[in-house]
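*Asks:* no sequence on hand, only this structure:
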């Protein structure tokens, strides 16, 4: 019992450290990639290739003064970024980033918490994220912030529906809520050669889920909550210093969560096709699988970044039209078709 | 656009175009291709911008055979819209008879318009290619003859450019 607790604690510490480091590196990657897309160089001064730039930025945010507007409701104003970052980080708890490994006789699952309602936990936690943004907008006593917060709640609620419904398609195929089981399901092969990754079995669900993930993480083309040209900074207009930093980190942590969830649900998680036939030792194999997971996530992140610099922002009515009139029916039809096909196969 | 509020298109969008996806992929191909193109940025302190002869940097006085070309006619100071130039004339034994005993350009005032260069009958004041002008006080920005004189060899590209284009 004690060792179990110890293992969990160790996993937790390692995980949070890795995730926070990844978030910081992601900020750097975003700045560098966006610069390259615009034929610039981007941050390249601090450390080799500017790699330490993001760390320096965090230190700068830590040292800055925390300004609270005079008529802001301070308790909520303080609480909002905490909610945001807590929600963003707690989703990681159930992401399996590798197969079960055997350490000194202990079976260690490479995920922090093995929750039997995995996906439900995921959905409920991500939907809490809207509170951070909305409360921040409301408590700031600023019309731009409020508008940003309202937009974000409308947007997140609309897209959560299609997100949930597209996950149902995956659930029907895999028949379980546990994320590690879903990944295990995807390690099979169709006709002996094609990995049964869910994006091949559920292409419509994959596309709708990715679109909804963009909307959930407030990334372009769905970044209406902070739409700089219209709303100054949106919900975090009135935030400065560390509290702004928390929002900033939460945004990127959300992005990584979305990437991890997309990888787990649709891109086969830690599964590297035919790696089990290479004849590696179990430990090497699981290391390779963890690496595979990271590489897949890296590609999803790059996709997020490149999309940001490709597509212009949707208008608000277009956003709602796509959410309710396109995505929702599409996901519903997808659930229906999936059910029919599963019935026919059995 | 706009007959009875209806949009008229020459051709309706196909289903695939309406679904955004191929268009988004096309756009992404463009952005990714853009990533590998050469960059415009100069890595400044290591890599500096070298202006063409047509560049109007700080004005300098042309120095030929250890002596300035300027005859202190004062036209530059008359034409200067920012009143940045101050000239005091004096006599000399040389052929040109007049020379500026004091020639001062206030670099805080100078707007790099190049009128002084245009009006000068002796081609004695020209715009150089120097653009790194940093001062920590007003006094430091007063450029006297000591800092304004520059040899004709150094200014050759600009002088040639002026001959071709004036």
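*Replies:* Structure received. All values reported here derive from a predicted model rather than from experimental measurement.

*Asks:* what are the boundaries of the strands in chain A?
*Replies:* With strands called from DSSP state E, chain A shows them at A:101-103, A:106-108, A:189-190, A:194-195.

*Asks:* residue contacts, the closest residue to residue A:66 other than its chain neighbours?
*Replies:* Leaving out its chain neighbours, the residue that sits closest to residue A:66 by C-beta to C-beta, 6 or more residues apart in numbering or on different chains is residue A:241, at 4.1 Å. (C-beta placed from N, C-alpha, C; glycine too.) Remark: with contacts taken as C-beta atoms under 8 Å, 6 or more residues apart in numbering or on different chains, residue A:241 is in contact with A:61-62, A:64-67.

*Asks:* check the chain for its longest helix and report it.
*Replies:* I'll assume chain A. For chain A, the helix with the greatest residue count under DSSP state H is helix A:2-37.

*Asks:* chain B was what I was after
*Replies:* Using DSSP H to assign secondary structure, the helix with the most residues in chain B is helix B:21-35.

*Asks:* helices and strands around that helix, which ones?
*Replies:* Judged by 3 or more C-beta pairs under 8 Å, 6 or more residues apart in numbering or on different chains; DSSP states H and E, the packing partners of helix B:21-35 are helix A:2-37, helix A:282-308.

*Asks:* including mean pLDDT and distance to chain B, could these go into a markdown table?
*Replies:* As requested, these are arranged in a markdown table below (pLDDT from 0 to 100; distance: least, C-beta to the nearest C-beta, whole Å):
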| stretch | mean pLDDT | distance to chain B |
| --- | --- | --- |
| helix A:2-37 | 83 | 4 |
| helix A:282-308 | 86 | 6 |
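
*Asks:* using CSV, lay out the ones you listed together with mean neighbour count and distance to residue B:43.
*Replies:* Conversion of the helices and strands packed on helix B:21-35 to CSV gives the following (neighbours: other C-beta atoms under 10 Å in any protein chain shown; distance: least, C-beta to C-beta, whole Å):
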stretch, mean neighbour count, distance to residue B:43
helix A:2-37, 16, 13
helix A:282-308, 18, 23
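
*Asks:* distance to residue B:94 added to the ones you listed, as CSV?
*Replies:* Listed next are the helices and strands packed on helix B:21-35 as CSV, based on distance: least, C-beta to C-beta, whole Å:
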stretch, distance to residue B:94
helix A:2-37, 57
helix A:282-308, 68
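
*Asks:* which residue is the nearest non-sequential neighbour of the residue nearest in space to the middle of chain B?
*Replies:* With the centre of chain B defined as its mean C-alpha position, the nearest residue by C-alpha atoms, centre = their mean is residue B:56, 3.1 Å away. Using C-beta to C-beta, 6+ apart and skipping the chain neighbours, the partner closest in space to residue B:56 is residue B:127 (4.2 Å).

*Asks:* residue contacts, that neighbour?
*Replies:* Counting by C-beta under 8 Å, 6+ apart, residue B:127 touches B:55-60, B:112, B:114, B:117, B:158.

*Asks:* if we use 7 Å, what do you get?
*Replies:* Residue B:127 makes contact with B:56-57, B:59, B:114, B:117, B:158 under the criterion C-beta atoms under 7 Å, 6 or more residues apart in numbering or on different chains.

*Asks:* that one and residue B:60, how far apart?
*Replies:* According to C-beta to C-beta, to the nearest Å, residue B:127 and residue B:60 sit 8 Å apart.

*Asks:* starting at the chain centroid, how far to the longest strand anywhere in chain B?
*Replies:* Across chain B, the longest stretch assigned as strand under DSSP E is strand B:98-106. The gap between where strand B:98-106 is centred and where its chain is centred comes out at 23 Å by C-alpha atoms, centre = their mean, to the nearest Å.

*Asks:* list the buried residues for the very next helix or strand once past it?
*Replies:* Toward the C-terminus, strand B:98-106 is succeeded by helix B:115-119 as the next helix or strand (DSSP states H and E). Residues of helix B:115-119 classed as buried by neighbour count (16 or more other C-beta atoms under 10 Å in any protein chain shown): B:115-117.
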